[in-house]
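Trainee: my questions concern the predicted model and sequence given below.
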Amino acid sequence: MLRICLRTFVNYSLPIFLTLFCLAATSQRTLAQSADKTTTVENKNEDVNLDTQLYLIVGTNQEVNDSRLPASLDAVIKQMRSALPFKNYRVAATLLNRVKSDGRLNLSWIGGPLLESAAETKHTPSFNEFNVRQVRVVDDAEGKKIIRMEGFKFGTRIPIVTYNGMAAVGTPPAPIINYENTGLNTDISMREGEPVLVGTLNVGPSGDAIILVMSAKRTPR
């Protein structure tokens, strides 16, 4: 009787064992394939170059000489006009750069005055710096490309005009130009090719603001 029971146990247990073994092997193979696909996508994202565009837009209540804005910024401009209390906007600078995914971006430059509210600073340069610690391309849950910029940092030294109150009688006070630092440091994510409003920097006694708009897209091979 015991021999029959053992034989029956072996006869029934062996197929179950083989079935479980096959299921485990299949699961491991499926997980390995999924991991390989994920690794392949990550490798493809890392081997991508990006064209980035940083727009420095000045919001002001003063009249501007050229208020034309790029058509690609229409959606952002609409957002700015509904959220920010400025009458006019103008593009002060556009920075185009190329960077590899999983790379970094560092840029320093001397440019013309970002603000035009004071005649004394029209020929005074501004000193600017733009850094991104890491740029990454990732896929969201829908498989669409998301561009992450970690350690996004923009800084500028703005010339501010004050006046010497010790001028002689009948002599207009002499302007004194001092540089003040202002900037922004954050982490951002954006969809490929869609400009986003990064932030605003209020500068100068006139209440003008520098508005940072960023976009990025993969470069064609």
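Mentor: Thanks, I have the structure now. Numbering: from 1, shown residues only.

Trainee: contacts, neighbours, all on C-alpha from now
Mentor: Noted.

Trainee: mind listing what E150 touches?
Mentor: Residues in contact with E150 (Cα atoms under 8 Å, 6 or more residues apart in numbering) are 132-135, 186-188.

Trainee: and those, which two are furthest apart?
Mentor: V135 and T186 (12.9 Å; Cα to Cα).

Trainee: quick revisit: show only the entries of the contacts of E150 found in helices.
Mentor: Counting by DSSP state H, none of the members of those fall within helices.

Trainee: okay if I get those residues as TSV plus neighbour count, pLDDT and distance to T219?
Mentor: Below are these laid out as TSV (neighbours: other Cα atoms under 10 Å; pLDDT from 0 to 100; distance: Cα to Cα, whole Å):
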residue	neighbour count	pLDDT	distance to T219
V132	20	97	18
R133	15	96	20
Q134	18	96	18
V135	22	95	14
T186	13	96	25
D187	14	97	22
I188	16	96	20
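
Trainee: quick one: the strands in the protein?
Mentor: Under the criterion DSSP state E, the chain contains strands at 49-60, 88-100, 103-111, 126-139, 145-163, 175-191, 196-202, 209-218.

Trainee: select, out of the ones you listed, the one closest to S67.
Mentor: Nearest to S67 among the strands of the chain is strand 88-100 (4.9 Å), distances taken as Cα to Cα.

Trainee: what residues of that closest one count as buried?
Mentor: By neighbour count with 16 or more other Cα atoms under 10 Å, strand 88-100 contains the buried residues 88-92, 99-100.

Trainee: just send those back as CSV, with distance to V64 and pLDDT too.
Mentor: Formatted as CSV, those follow (distance: Cα to Cα, whole Å; pLDDT from 0 to 100):
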residue, distance to V64, pLDDT
N88, 7, 90
Y89, 8, 91
R90, 7, 89
V91, 10, 91
A92, 11, 89
V99, 33, 94
K100, 37, 93
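
Trainee: got a markdown table for the residues you listed, with distance to R148 too?
Mentor: Formatted as a markdown table, the buried residues of strand 88-100 follow (distance: Cα to Cα, whole Å):
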| residue | distance to R148 |
| --- | --- |
| N88 | 30 |
| Y89 | 27 |
| R90 | 27 |
| V91 | 24 |
| A92 | 25 |
| V99 | 12 |
| K100 | 12 |
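
Trainee: relative to I176, which of the residues you listed is nearest.
Mentor: Nearest to I176 out of the buried residues of strand 88-100 is A92 (Cα to Cα; 23.6 Å).

Trainee: wait, what's in contact with the closest one?
Mentor: For A92, the contact set (Cα under 8 Å, 6+ apart) comprises 55-58, 114.

Trainee: cool, F130 as well?
Mentor: Contacts for F130 (Cα under 8 Å, 6+ apart) come out as 105-108, 152-155.

Trainee: look up how far M214 lies from it.
Mentor: 12 Å (Cα to Cα, to the nearest Å).

Trainee: now swap in L73 and tell me
Mentor: Applying Cα to Cα to L73 and M214 gives a distance of 10 Å.

Trainee: tell me, what's touching the two both at once?
Mentor: Common neighbours of L73 and M214 (criterion: Cα under 8 Å, 6+ apart): P195.

Trainee: so for those two, which sits in the more crowded spot?
Mentor: M214 (21 against 18; other Cα atoms under 10 Å).

Trainee: I'd say that one and I57 touch.
Mentor: No. If you go by Cα atoms under 8 Å, M214 and I57 don't touch, sitting 10.9 Å apart.

Trainee: ok, back up a step: which of the contacts of F130 has the largest number of neighbours?
Mentor: Tallying neighbours with other Cα under 10 Å puts F152 at the head of the contacts of F130, with 20 neighbours.
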